[in-house]
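Chemist: need coordinates for the below:
(one chain, ligands or ions: 2)
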Amino acid sequence: MLSLRGLLLLLLAGATAAFGVPPSNETARVARFVAHACDWGALATLSTQPQVQGQPFANVFSISDGELSKGTGVPYMYLTPLEISVKDLQVNGNASLTLSLAQTSYCKDKHYDPQSPLCAHVIFCGVVEKVTGAEEEFGRKVLFNRHPEMEDWPAEHDWFVAKLNIANIWVLSHFGGIESVSPEDYFKATPQN
Ligand SMILES: *[C@@H]1O[C@H](CO)[C@@H](O)[C@H](O)[C@H]1NC(C)=O
Ligand SMILES: *[C@@H]1O[C@H](CO)[C@@H](O)[C@H](O)[C@H]1NC(C)=O
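Modeler: Ligands and ions are numbered 1, 2, ... in the order given. Next up is the predicted model:
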């Protein structure tokens with residue numbers, strides 16, 4: 001007879017299957033999956049701080065790539081000109097964003113170290129750009145869905161919606177080395193089956 005615990009385990013197994021990371025060799029799909037699963041990432045800018053001027057400067061940002069049911073692959077962010085990294089972006093918008101399944105239950109459950117390629121992670125490079133019009137509305141909606149606190153961030157800080165306009169993508173999802181994925185393949189890929 002199936003115990004309650006057994007039933008719970010079955011349900012959990014179902015949830016893991018639903019979490020379904022794409023096959024590790026399908027790197028464009030893995031990248032889309034990671035971009036959708038992550039709620040935040042580390043963004044490296046070229047610093048404008050006098051002590052480290054022109055040097056890489058990594059900082060945490062909340063992101064959303066779309067509705068929970070459907071990602072777009074585009075990392076949207078909610079930024080203020082007062083923020084230290086945003087000051088860098090105003091001088092040079094080129095940045096690198098890294099996202100990792102280490103922030104999900106996936107790597108923890110499987111005991112994958114964050115630095116292991118099996119704990120899939122992605123490195124994006126591109127330009128952070130303010131978005132306007134319908135895209136701004138969309139970005140705000142999908143950011144607020146995932147990060148309800150954003151709605152209460154102080155209005156006088158002039159928050160605006162931005163995205164990383166992705167130019168280059170690198171994916172670590174299996175042993176044998178990092179792979180690059182073209183933005184074209186990335187945006188074509190379907191993260192879910
Ligand atoms: C990934 O590997 C599977 C089986 O090992 C193979 O069928 C599939 O074509 C591969 N996909 C890519 C994109 O290489
Ligand atoms: C940003 O990077 C692109 C491509 O790598 C380069 O062409 C451009 O000059 C860079 N922008 C700045 C402000 O350095």
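Chemist: quick check: closest non-adjacent residue to D39.
Modeler: R146 (5.6 Å; CB to CB, 6 or more residues apart in numbering). (Each C-beta comes from the backbone N, C-alpha and C, glycine too.)
Chemist: assess the claim that the one you found and D65 are in contact.
Modeler: No - counting by CB atoms under 8 Å, R146 sits too far from D65 to count as a contact (9.4 Å).
Chemist: looking at these two, which has the bigger crowd around it?
Modeler: Remark: of R146 and D65, D65 carries more neighbours, 26 against 18, as counted by other CB atoms under 10 Å.
Chemist: what sits against the residue in the chain positioned nearest to ligand 1?
Modeler: Proximity of the chain to ligand 1 (CB to the nearest ligand atom) peaks at N25, 3.7 Å away. By CB atoms under 8 Å, 6 or more residues apart in numbering, the contact list for N25 reads S173, H174.
Chemist: which SS state does it fall under?
Modeler: Counting by DSSP: H, G, I helix; E, B strand; the rest coil, the backbone at N25 sits in coil.
Chemist: quick one: it and E151, what's the gap?
Modeler: 40 Å (CB to CB, to the nearest Å).
Chemist: same question, G54
Modeler: Taking CB to CB as the measure, G54 falls 36 Å from E151.
Chemist: just H174 next, same as before
Modeler: 39 Å.
Chemist: those two: which is more packed in?
Modeler: Taking neighbours as other CB under 10 Å, H174 and E151 compare with H174 leading, 16 against 11.
Chemist: for the more buried one, which non-adjacent residue is closest in space?
Modeler: Nearest residue to H174, sequence neighbours excluded (CB to CB, 6+ apart): S24, at 4.0 Å.
Chemist: now do the contacts for the residue nearest to D39.
Modeler: D39, S62, S64, L68.
Chemist: tell me if I'm right that the first one and N145 touch.
Modeler: No - counting by CB under 8 Å, no contact exists between D39 and N145, whose distance comes to 10.6 Å.
Chemist: any residues in contact with both of the two?
Modeler: Joint contacts of D39 and N145 (CB under 8 Å, 6+ apart) are S64.
Chemist: how many residues are close by V142?
Modeler: 22.
Chemist: contacting residues around it?
Modeler: If you count contacts by CB under 8 Å, 6+ apart, V142 has them with S64, D65, G66, E67, Y76.
Chemist: what pairs with the stretch of helix or strand the third one belongs to, parallel or antiparallel?
Modeler: Take DSSP states H and E as the rule and G66 turns out to sit in strand 64-67. Each strand pairing with strand 64-67, determined using DSSP bridges, is listed with its direction: strand 70-79 (antiparallel).
Chemist: so which elements touch the helix or strand just after the strand it pairs with?
Modeler: Downstream of strand 70-79, the next assigned helix or strand under DSSP H and E is helix 84-91. The elements that helix 84-91 packs onto, with contact taken as 3 or more CB pairs under 8 Å, 6 or more residues apart in numbering; DSSP states H and E, are strand 40-46, strand 56-62.
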